[in-house]
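Participant: coords please:
(2 chains)
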Protein chains: 2
Amino acid sequence: MPQLRVALAQLNVTVGDIAGNADKIVAWTRNAVEQGAHVVAFPELGLTGYPVEDLALRASFVDASQSRIHDLAQRLADEGLGDIVVVVGYLDRASGTAMGVDRLGRPKGSPTNSAAVIHQGRVVTSAVKHHLPNYGVFDEFRHFVPGNTLQVIRIHGIDVALVICEDLWQDGGPAAVTHEAGAGLLLVINSSPYEANKDDLRGDLVRRRAREAGCALAYVNLVGGQDELVFDGDSLVADADGKVFARAPQFEQGSMIVDLDLPAPSGTPEGTYEGIEIVHTVLHEDPVEAYDAMEPVIAPQLSDEAEMYAAIVTGLRDYVQKNGFKSVLLGLSGGIDSSLVAAIACDAIGAEHVFGISNPSIYSSDHSKDDAAELAARTGLNYRVVPIQPMVQPFLDTLGLTGLAEENLQARVRAVVWMGLSNADGHLVLACGNKSELSVGYSTIYGDAVGGYAPLKDLPKTLVWRLAKWRNADAKEKGQHPPIPENAIAKPPSAELRPGQQDTDSLPPYDLLDDMLDDYVEQDRGSAELVAAGFDPELVTKVIQLVDRAEYKRRQYPPGPKLTHKAFGRDRRLPITNAWREDARKAAEH
Amino acid sequence: MPQLRVALAQLNVTVGDIAGNADKIVAWTRNAVEQGAHVVAFPELGLTGYPVEDLALRASFVDASQSRIHDLAQRLADEGLGDIVVVVGYLDRASGTAMGVDRLGRPKGSPTNSAAVIHQGRVVTSAVKHHLPNYGVFDEFRHFVPGNTLQVIRIHGIDVALVICEDLWQDGGPAAVTHEAGAGLLLVINSSPYEANKDDLRGDLVRRRAREAGCALAYVNLVGGQDELVFDGDSLVADADGKVFARAPQFEQGSMIVDLDLPAPSGTPEGTYEGIEIVHTVLHEDPVEAYDAMEPVIAPQLSDEAEMYAAIVTGLRDYVQKNGFKSVLLGLSGGIDSSLVAAIACDAIGAEHVFGISNPSIYSSDHSKDDAAELAARTGLNYRVVPIQPMVQPFLDTLGLTGLAEENLQARVRAVVWMGLSNADGHLVLACGNKSELSVGYSTIYGDAVGGYAPLKDLPKTLVWRLAKWRNADAKEKGQHPPIPENAIAKPPSAELRPGQQDTDSLPPYDLLDDMLDDYVEQDRGSAELVAAGFDPELVTKVIQLVDRAEYKRRQYPPGPKLTHKAFGRDRRLPITNAWREDARKAAEH
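Facilitator: The predicted structure follows:
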C-alpha cells in the first residue's frame, strides 16, 4: 500500500498575531520537512488564532488573513519548503452561491472558517467548515457561513479528505461523505478547547468516525491558552478499524510524526451526497518510494488531577505572556485558595516572577500569617507583608462603617494595595476565588475579586483541596519539597473578615454545596429535581437564590481557564435581572 | 368591510417574573375588554420577559412557561375575560418533526419563541418564530429552534396572520406568505430593542411589509429596560397601502386601541410556500355588528435628544427597580459626565432617592467643588462632601506610589468610599463614564469604573454635551430651572488626578476622537480606511491601539443602556488577548 508520513503540528498561536503565527507555521513546516514528512497539518484557524470572535466581522482582518495565506504559501516556496503539502486553518470569505442558510441571516462579509491546502507556493484549494457550533463557548453561527463541499486531495497516490473540527463531532456533513468519496485518510484540523475528561470523549469520537469513514483518521489540535479557553493538543491518529495508534502529549506544543500505510484510491468518486459535493484536487498521482516506517508515539495519559493542574498552569502562563506581562501579584491570606494559586503561578512563570503580598488585618489569625510566610519560603516567591489597619482606620473614622460594610472594606483596601503595586511595577494581579465561591457570590466585589485573571474560577472548592494535595504528593514523588503548607490544606476555610468567622457560618459544608452546584449549575436541574434528589428544600431555596443573585458579581469577575462543561463566563449567558429565583423559591416551598 | 377593534398592549415586563408578568397581562386584558377590544396583543415573550438568554436551556423554566400559559388562559376565562382573543409571547418547546436545521445543531430541549392565541380559556393555537436573529445583541440561534408554519386565525370574520419580530425584518419567511394566505391583517408581536433612529427604520419596514402582504399590519413592541437593553414601545398600525395611521408613544407602558375595517377572506387558501405551511384556525366566522370607530392615536415623535434621554432614563429606572434597589449613589466631580448622570437619575427615580458624593482631592479645583455643590442645589439630590486626602495619604505613606499609580489611587479610594456607603445603605452605585472614555480605556479600573449600572456607557462625549444642553433647554422651555450648571457644560474636561491635568493631554479633542471612534467601532472600518478618510496616520495608530487594548477594562465595566448599533457589552465579542493591534500599527505605518 502507498505510504505517507504525516506531521501533526499542535501549535500554540495567538489570536490576531497573523505575522507571528505565520512565522511559527514556517518554522514547524521546516521541522516537518527535516523529519521527512510529506504532509504537515496545523490547527483550525492556525493563521489567525482561535477563536477570532467578532474580528471575523471586521473586513480588514478578513482581508489580512486572505492575503497573508497567499504570502505564506509564497514564503514557504521561497524558503525551499514548497514540496511538502501544508494544511492550515485561516479566515476566508464565501464567494458565489448562498449556502442555504439565508433564512436565518448571514454574518457581514460572509466569513468562513477554512483550511488552506498549500503546495509549491500556492493555495491549491481550501475546505470550508460545515458545522458551525453555536453552543457553550462557541458563537460560530454568528461569525461564519458554512461550506457545502468535501475537499479530497490526492497526495502521493492517496486520497486525503479534509474536514474541520465540529464537522467530526456532528452526525452527517462532510465526515459522513468521506466513505462515499473512497478516501484513504480523513484529516481533521481542530481548535477544540479543553474540558476535564474531554480527551476520553475525543478518543471515542475519533475511533467511531474512522470506522464510519472506513479509513484512517488524523486529528490535530491547538495547544495553549487564549483568554478563557485552554487547548490541550492531544492530537491523535486512528486506523481504519478505529484503533488509536498514535497520540501526542496534552498541553505541549510540538509536532507528532506518523507513518501511514494507506490504500490507493480505486477511482475518483464524484457526486453530491446529502447536499455535499465531493471536490477532487490531484497533487501527485504516484506513491512515494517505499521507506522504513517509524514507530508511532503514544504519549502517556495524565491523571485527572495532573490534567486539570496542567490546564490551569497553561491558561495562566499564556494569559500572562500573550498579554505582555512579566510578573504576577497575588494576595496571600494563608488559606488554601491563594496557596494553590501561588503554587500554580510559580509553576507557570517561575517563582522569581511571582509577588505574594500578605495583608493581615486585625482579624487575621496567627496561623494565617504563619501559613502565608511558610508558603512563600517553600516556593521561593517574592514576599511582602503590608498590614492594612493603617489604611482601613481612616475609612472607618470617616464613614463609620460596620458589619458587612466593614468586612468588605478590608477586602477592598487590600485590592487598592494590590492594584497600586500593579500600576507601579506592572504585575498582573491574580484573583484567587474558586468556582464554589463564585457560584454563590461569596466574595467582595472590587475586593478579593479584583485582578486580570482568576486561575481557580472554574475549580470547585472540593477540587481546590484535591489539586493542592495532588501537587504536594506529586512533589514528594519527584523528591521535591511540597509547595503548599499542610496546615493550609487541613484548616477550616475562613475569610477572616470578622472575629472567628468561618465559611460554614454563611454556606453549607463545601462537599454538600459542590454537590448541589453540580446539579443546579452543571446539570441545569431545577429546584424540584434537587429536592427530589434528597437535598433539604430550605437549603435548595437558599442556594438557588444565592446563585441566581450572584450573576452580576460573576460578570465582574476576571476571566479564568475553562475546565468544565459549564464554566461561568462566556459559555453561560444569564440575565442579571432575573426574577426566576422567586419561582425557584415557590417551587421549593411546595 | 368587517370591523375589528385591536388593543396593542406595550407592556414593561421582567425576565423570569412569570407570575408578575401574567398579572400584568390579565390587568391589561381587562383594560382592553373595558375598551371594547376584540383582540389584545402583547409583546414577544411577554410572559417570560425578553431576552430569556440561557434560561431557555433550563428545562424547569421552559416547563414553567408552558404550564403558566395554560394557567393564564384558564384564569382569563375565570375572570370573565374569555371572549376577547389574547395573543401573547411565551417560551414553548418544539414537538414532532425536525425543522431542517439539524445539520447546525439544536439547543437542548428544542425551546421555541412562540405566540399563544388564547380564547375561551384555552390556548387554541400558537405560532413559532422562524427567523432567529443571531447578530448584535441577539443569540436566538443558541436559544431557540425555528418554526415552519404561518398561523392564520379567523377572528370575527377576519383572517389574522400572526408572526414574531425578526420574521418581519428578514425577507422570506412567514410574513412573505401572508399575501398567499389572503390574510386581512398581519399581526406582529415584538421585543425590538431601542437604537437611536430605529423608530424611523421600523416605520419604513412596517410600511413596506404591509404593502408586500397586501393587508393592514399591526405591530406591538415591548417597553422598558432589561439589563443592557431598552425597549421603546412605539407600537404601530399601517393600512394595506403602507400608510401608518396609528402610533403609540415611545418609552411609555400602555395600550393603544385601534379600529380597523378589514376585508373578509375570499376563502381559506392552504398549501406550503417556500417551505412554510399555512395553518388555519377558525374562532368566529361572522363579523361583529357594525359600530362607530374611534379616531386613531398618533403620538408625537420625539426629537433625537429627547429620545436618547428617555432611553437612558428608562434603562436606569428599570434597572434600579427590577433589581430591587431604592436609591442610587454617584460621585459628583463637578464635571459634565457626573452632572448629566445626576440629572438623569433625578428624572428616573426622584432626587430624594439620589445620593451625590463629592470627594475632592488635593488636586480638585475650586470650580469643581462649586459646580458639584451647585448641581446638588439645582436638582435637590442628597449631597455629601467626603474629602479623600485622609484616606489617600496612608496608602502613599505605606506604598510610596507616584505617577499613574498615584492618580489611580485617588480614583480607587473614592470607589471604596462609594462602595462602603452602598454596602451600608443599600444604594446602587452608578458609574459615570461615557462611551468615548470607555472606547479608549480612559478610566481607572476599580476606580471611577465601579458600580452596578453605567447610564452613559453608550453615549459618546460629544453627545454627553449635547444631551446636557438639551436637558437644560428643555427645562427652560417648560419654565423649570435647568438642572446642570452652565460651567459644567462649558469648561474643558479634566480627570483632575494631577495638577492642571486635562483630557486633551492624553487624548485628541473629543469631536475628532468621536469621529474616529465612529469609523473604527461603529462602522468597523480598518486603519487603512481611517487614514484614507483623512485622519492623521499616527493618531489612527494610537487610537486603534487604545481601543483594542481597552477590551479588558470594557468587560469589567458595569452594564448600561444600549443606544447605538454597536454598544460595548453583549453585542461586541472581542478577544482580550488580541495581537491584531500590532497589524493595525503596521498598516497605518505603510
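Participant: beta-bridge partners for the residue nearest the centre of chain A, please?
Facilitator: Residue closest to the average C-alpha location in chain A (CA atoms, centre = their mean): residue A:230, at 2.0 Å. With DSSP bridges as the criterion, the beta-bridge partners of residue A:230 are residue A:225.
Participant: quick one: contacts for it?
Facilitator: By CB atoms under 8 Å, 6 or more residues apart in numbering or on different chains, the residues touching residue A:230 are A:193, A:194, A:224, A:311, A:312, A:314, A:315, A:318, A:561, A:562, A:563. The way it works is simple: take the backbone N, C-alpha and C, and place the C-beta from them, glycine included.
Participant: of the residues you listed, which is the nearest to chain B?
Facilitator: residue A:318 (8.0 Å; CB to the nearest CB).
Participant: interface residues of the stretch 151-300 of chain A facing chain B?
Facilitator: Residues of the stretch 151-300 of chain A lying close to chain B (CB under 8 Å from any CB of the partner chain) are A:170, A:172, A:173, A:226, A:227.
Participant: out of the contacts of residue A:230, which sit inside strands?
Facilitator: residue A:224 (DSSP state E).
Participant: among the contacts of residue A:230, name the ones in helices.
Facilitator: A:311, A:312, A:314, A:315, A:318 (DSSP state H).
Participant: pLDDT (mean, whole number) over the helix or strand that contains residue A:8?
Facilitator: Element membership for residue A:8 (DSSP states H and E) is strand A:3-10. Here strand A:3-10 scores 98 as its mean pLDDT.
Participant: I'd like the mean pLDDT over the helix or strand just after that strand, please.
Facilitator: Downstream of strand A:3-10, the first helix or strand assigned by DSSP H and E is helix A:18-34. Helix A:18-34 carries an average pLDDT of 97.
Participant: just to revisit the earlier point, hmm, which two among the residues of the stretch 151-300 of chain A next to chain B are most spread apart?
Facilitator: Spatially, the most separated pair among those is A:172 and A:227, at 31.1 Å (CB to CB).
Participant: compare these two and say which is more crowded by neighbours.
Facilitator: Legend: neighbour count by other CB atoms under 10 Å in any protein chain shown for residue A:172 and residue A:227, higher for residue A:227 (28 against 16).
Participant: how about the more buried one, phi and psi?
Facilitator: Per-residue torsions, residue A:227: phi 50, psi -120 (degrees, to the nearest 10).
Participant: shouldn't it be in contact with residue B:578?
Facilitator: No: with contacts counted by CB atoms under 8 Å, residue A:227 stays clear of residue B:578, the gap being 9.1 Å.
Participant: what's the spacing between the residue located most distally from the centre of chain A and residue A:391?
Facilitator: In chain A, the residue that sits farthest from the middle, by CA atoms, centre = their mean, is residue A:397; the gap is 46.3 Å. Distance, residue A:397 to residue A:391, by CB to CB, to the nearest Å: 12 Å.
Participant: over to residue A:310?
Facilitator: Residue A:310 is 38 Å from residue A:391, by CB to CB.
Participant: where's the nearest residue to residue A:524 once chain neighbours are set aside relative to residue B:19, distance?
Facilitator: Counting by CB to CB, 6 or more residues apart in numbering or on different chains, residue A:524 lies nearest to residue B:58, which is 5.2 Å off, once chain neighbours are set aside. With the distance defined as CB to CB, residue B:58 ends up 17 Å from residue B:19.
Participant: look at the two and report which has more neighbours.
Facilitator: The neighbour comparison of residue B:58 against residue B:19 (other CB under 10 Å) goes to residue B:58, with 20 against 15.
Participant: next up, phi/psi of the more buried one, please.
Facilitator: Per degrees, to the nearest 10, the backbone of residue B:58 is at phi -100, psi 110.
Participant: surely it and residue A:523 touch.
Facilitator: No: in terms of CB under 8 Å, residue B:58 does not count as a neighbour of residue A:523; the distance is 10.3 Å.
Participant: contacting residues around the residue nearest to residue A:314 when sequence neighbours are not counted?
Facilitator: Spatially, and ignoring its direct neighbours in sequence, residue A:314 is nearest to residue A:251 (4.9 Å; CB to CB, 6+ apart). Residues in contact with residue A:251, defined by CB under 8 Å, 6+ apart, are A:223, A:232, A:233, A:310, A:311, A:313, A:314.
Participant: among the residues you listed, which two are most distant?
Facilitator: The widest separation within the contacts of residue A:251, taken as CB to CB, falls between A:233 and A:313 and amounts to 14.0 Å.
Participant: and residue A:310 and residue A:391? Which one has more around it.
Facilitator: Using other CB under 10 Å, the more surrounded residue of residue A:310 and residue A:391 is residue A:391, with 26 against 19.
Participant: which parts of the stretch 101-250 of chain A are helices?
Facilitator: Under the criterion DSSP state H, counting those that start in this stretch, the stretch 101-250 of chain A contains helices at A:140-143, A:166-169, A:174-181, A:198-213.
Participant: and the one residue in the stretch 1-150 of chain A that gets nearest to chain B, what does it touch?
Facilitator: Residue nearest to chain B within the stretch 1-150 of chain A: residue A:60 (2.6 Å; CB to the nearest CB). Going by CB under 8 Å, 6+ apart, residue A:60 touches B:525, B:526, B:527, B:528, B:529, B:587.
Participant: restricted to buried residues, select these in PyMOL.
Facilitator: Selection command for PyMOL covering only the buried members of the contacts of residue A:60, criterion 16 or more other CB atoms under 10 Å in any protein chain shown:
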select buried, chain B and resi 525+526+527+528+529+587
